[in-house]
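Asks: No letters, just coordinates:
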């Protein structure tokens, strides 16, 4: 049986992409493995959308996910 899972995670303001990735790999993956047990996926694909700050950037934008545009 094939199961698909979509996980969306957002970085806290002030956290670097490297810190976010390390925390995800060290904390979240272990928790997911524990909860999923033998159903933990054999493989996964990670995608990262980088937020680009431009002239129209405001504090309000920090609360919303990037659109990739």
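Replies: Sure, I can see it. Keep in mind the model is a prediction, meaning the values are calculated, not measured.
Asks: element containing residue 8?
Replies: Assessed by DSSP states H and E, residue 8 sits outside every helix and strand.
Asks: What's the local residue count around it?
Replies: The tally of other residues near residue 8 (other C-beta atoms under 10 Å) stands at 5. Just so you know, the C-beta spots here come from the backbone N, C-alpha and C atoms, and that holds for glycine as well.
Asks: Now do it against residue 48, distance only.
Replies: Going from residue 8 to residue 48 by C-beta to C-beta, to the nearest Å gives 12 Å.
Asks: so residue 37, which of the three states?
Replies: Using DSSP: H, G, I helix; E, B strand; the rest coil, the structure places residue 37 in helix.
Asks: how deep is it tucked in, by neighbour count?
Replies: Using other C-beta under 10 Å, residue 37 is surrounded by 7 other residues.
Asks: Same check on residue 15?
Replies: Residues lying near residue 15 (other C-beta under 10 Å) number 13.
Asks: So it, which state does it fall into?
Replies: Secondary structure state of residue 15, per three-state DSSP, is coil.
Asks: Now the nearest residue to it once chain neighbours are set aside: which helix or strand?
Replies: The shortest distance from residue 15 to any non-neighbouring residue, by C-beta to C-beta, 6 or more residues apart in numbering, is to residue 23 (7.8 Å). Per DSSP H and E: residue 23 is located in helix 17-23.
Asks: what's the average pLDDT for that helix?
Replies: Regarding helix 17-23, the rounded mean pLDDT is 89.
Asks: quick one: buried residues of it?
Replies: Within helix 17-23, no residue counts as buried by 16 or more other C-beta atoms under 10 Å.
Asks: What segments of the chain are helices?
Replies: Using DSSP state H, the helices of the chain run over residues 17-23, 29-36.
Asks: Any idea how far the last one is from the middle of the chain?
Replies: The reference is to helix 29-36. Computed by C-alpha atoms, centre = their mean, to the nearest Å, the chain-centroid distance of helix 29-36 equals 15 Å.
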